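Participant: All I have is the shape, not the residue letters:
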């Protein structure tokens, strides 16, 4: 079955406009490279560009490892990490990863649902 085609730029732009607390919305390839989207304008990054590369590669590896349990547990809808300085959410889109970072006080009960609605529309 062929993969569905997505407009990655539109998805990232829509997510960035969801909430003023969102800092970053990007698509990461399965090799850990940013292929669309990025940091929201006028937002100061929390890490260096070199650190971004490491974060993206680690994220791609984590997503691959999670797939090992799809048969037993079903596919992952989204994954979320709550940190002191940021809330990070990842969603698999075909073989790529939508990665969203927001302020730590974002409502994490609502944001993932809104992100999934955008991806699935």
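Facilitator: Received the coordinates, thanks. Note that this is a predicted model, so its numbers are computed, not measured.

Participant: And residue 10, how far from residue 86?
Facilitator: As judged by Cβ to Cβ, to the nearest Å, residue 10 and residue 86 stand 24 Å apart. The way it works is simple: take the backbone N, C-alpha and C, and place the C-beta from them, glycine included.

Participant: Of those two, which one has the most company?
Facilitator: With neighbours defined as other Cβ atoms under 10 Å, residue 10 and residue 86 compare such that residue 86 has more, 16 against 13.

Participant: Could I get the full set of helices for the chain?
Facilitator: Counting by DSSP state H, residue ranges of the helices within the chain are 8-16, 49-67, 70-73, 111-120.

Participant: what does the longest one contact?
Facilitator: Outside of helix 49-67, the residues that reach it under the criterion Cβ atoms under 8 Å, 6 or more residues apart in numbering are 28-34, 45, 47, 76, 79, 90, 92, 97, 99.

Participant: now with 7 Å?
Facilitator: Identification of contacts with helix 49-67 by Cβ atoms under 7 Å, 6 or more residues apart in numbering yields 28, 30-34, 47, 76, 90, 92, 97, 99.

Participant: what do you get for the first one?
Facilitator: Taking Cβ under 7 Å, 6+ apart as the criterion, the residues outside helix 8-16 that touch it are 22, 25-27, 35-37, 40, 98, 100, 115, 118-119.

Participant: thinking again about what came up before, which of the helices of the chain is buried the deepest?
Facilitator: Sort these by mean neighbour count, taking mean count of other Cβ atoms under 10 Å, and helix 8-16 sits at the top with a mean of 18.

Participant: the inter-axis angle of that helix versus helix 111-120?
Facilitator: 150 degrees (axes from the mean of the first three to the mean of the last three Cα atoms, to 10 degrees).

Participant: Check what pLDDT the residue nearest to the spatial centre of the chain gets.
Facilitator: When Cα atoms, centre = their mean is applied to the chain, the residue found nearest the centroid is residue 99 (1.4 Å). We have a pLDDT of 98 for residue 99.

Participant: same deal with residue 26?
Facilitator: 98.

Participant: With the one 10 residues further on instead?
Facilitator: With respect to pLDDT, residue 36 scores 97.

Participant: With that, I have no additional questions.
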